[in-house]
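A.B. asks: just coords:
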């Protein structure tokens, strides 16, 4: 992945909710989730659900390999479904966003996740594996619309279901999970995701250690797999697991060398201790549990925000003063 840069300012997409206000709300919600007495158990359930969704599914792993590809996929879904949807008063910046490749490139460079060239290459990959397709633009024959296929919609629905299952378990009064079985509501949800998507990169940067797993190919799901395995062994500072790189790698469409490098970096940051070569023995240290729970809390928080917006629960949204 190319080095991130910011040639464009972040577009202001919601009237009355600035990026700064939204970021403060996300940070507060992450803390609230982390303080919940049941959150550790819920986070492990989330990890097991994500592992089940991704394990052995090459196409899903390729599409969601890192934060850049996740951002591109969600941007395509959001820009496609936001046409004709009205969730909250939008801005001129929001109206200027389209499903053209150039618009998607502007979003990824503004958020700093990857360059325009990397965005174009990723869209080509997604097209080759059947997750997006190109359509003619009736208004401008020089550009094409990038639209999601049902395979991408189904994969994103599965990820959302896991996040909202966690949210509903912690806060059962809303029962948002039941809403995503409605295709109309799911479209409104995808249309709303563009707003929280603009905060995701900065949130990851602010969560210590999270960037290592978010930017590495398959890093987030490998972390979930590691923590799922760790849940079956003793807890505390002596949590030692077997995470054989050669067996784990083919499950998530990465190489064992890639996992070894990731774990070496995690060891250098004080997150794990490698006790045997090849991942045969890895000690999970307390800082890694913080990274893991922060990432889960961030994903659940973003899903909550987007659901509030899609459901027009404006009383639960953080408007500017």
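C.D. replies: Right, received. Where do you want to start? Fair warning: this is a prediction, and the values are worked out from it, not measured in the lab.
A.B. asks: what's the burial count for residue 192?
C.D. replies: Other residues lying near residue 192 total 25 when counted by other Cβ atoms under 10 Å. (C-beta placed from N, C-alpha, C; glycine too.)
A.B. asks: my error: substitute residue 202 in the last question.
C.D. replies: Neighbours of residue 202 (other Cβ under 10 Å): 14.
A.B. asks: quick check: pLDDT value at it.
C.D. replies: Predicted confidence (pLDDT) for residue 202: 86.
A.B. asks: please identify the helix or strand for it.
C.D. replies: For residue 202, the enclosing helix or strand under DSSP states H and E is helix 183-206.
A.B. asks: and what of residue 42?
C.D. replies: Here residue 42 is assigned to helix 39-54, by DSSP H and E.
A.B. asks: strands of the stretch 101-250 of the chain, start to end?
C.D. replies: 132-136, 144-148, 239-241 (DSSP state E, counting those that start in this stretch).
A.B. asks: what strands flank the shortest one, and is each parallel or antiparallel?
C.D. replies: In the sheet containing strand 239-241, its partner strands are strand 281-284 (antiparallel), by DSSP bridges.
A.B. asks: what does the strand it pairs with rub up against?
C.D. replies: 226-227, 230, 238-243, 263, 272-275 (Cβ atoms under 8 Å, 6 or more residues apart in numbering).
A.B. asks: quick one: which two of those residues are the most distant?
C.D. replies: Spatially, the most separated pair among those is 238 and 263, at 18.2 Å (Cβ to Cβ).
A.B. asks: when those two are compared, which one has more neighbours?
C.D. replies: residue 263 (21 against 9).
A.B. asks: would you agree the more buried one is in contact with residue 275?
C.D. replies: No. The criterion here is Cβ atoms under 8 Å, and residue 263 misses it with residue 275 at 11.2 Å.
A.B. asks: residue 163 - how many residues pack around it?
C.D. replies: Neighbour number of residue 163 under other Cβ under 10 Å is 24.
A.B. asks: which residues touch the closest residue to it other than its chain neighbours?
C.D. replies: Excluding the flanking residues, the one nearest residue 163 by Cβ to Cβ, 6 or more residues apart in numbering is residue 303, at 3.9 Å. Neighbouring residues of residue 303 by Cβ under 8 Å, 6+ apart: 160, 163-164, 167.
A.B. asks: what do you get if the cut-off is 10 Å, keeping everything else the same?
C.D. replies: Listed by Cβ atoms under 10 Å, 6 or more residues apart in numbering, the contact partners of residue 303 are 159-167, 176, 180, 189, 193, 196.
A.B. asks: and it, what element?
C.D. replies: Per DSSP H and E: residue 303 is located in helix 286-310.
A.B. asks: now do the buried residues in that helix.
C.D. replies: For helix 286-310, the buried set under the neighbour-count rule, 16 or more other Cβ atoms under 10 Å, comprises 288-310.
A.B. asks: surely residue 276 and residue 242 touch.
C.D. replies: Yes. Under the criterion of Cβ atoms under 10 Å, residue 276 makes contact with residue 242 at 8.7 Å.
A.B. asks: between these two, which one's more packed in?
C.D. replies: With neighbours defined as other Cβ under 10 Å, residue 276 and residue 242 compare such that residue 242 has more, 14 against 11.
A.B. asks: now the more buried one, nearest residue through space, not along the chain?
C.D. replies: Per Cβ to Cβ, 6+ apart, closest to residue 242 is residue 280, 5.8 Å.
A.B. asks: quick one: contacts for the one you found?
C.D. replies: The contact partners of residue 280, by Cβ under 10 Å, 6+ apart, come to 241-246, 274.
A.B. asks: same list (those residues) but as CSV, adding distance to residue 320 and pLDDT.
C.D. replies: Shown next, in CSV, are the contacts of residue 280 (distance: Cβ to Cβ, whole Å; pLDDT from 0 to 100):
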residue, distance to residue 320, pLDDT
241, 45, 92
242, 50, 92
243, 45, 94
244, 50, 94
245, 48, 95
246, 52, 94
274, 47, 95
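A.B. asks: mind checking which of the residues you listed land in helices?
C.D. replies: Counting by DSSP state H, the contacts of residue 280 place 245-246 in helices.
A.B. asks: what's the most distant pair in the contacts of residue 280?
C.D. replies: Across the contacts of residue 280 (Cβ to Cβ), the longest gap, 15.5 Å, separates 241 and 246.
A.B. asks: pLDDT below threshold where in the stretch 151-300 of the chain?
C.D. replies: Across the stretch 151-300 of the chain, the stretches falling below the confidence threshold (pLDDT under 70) are 232-238.
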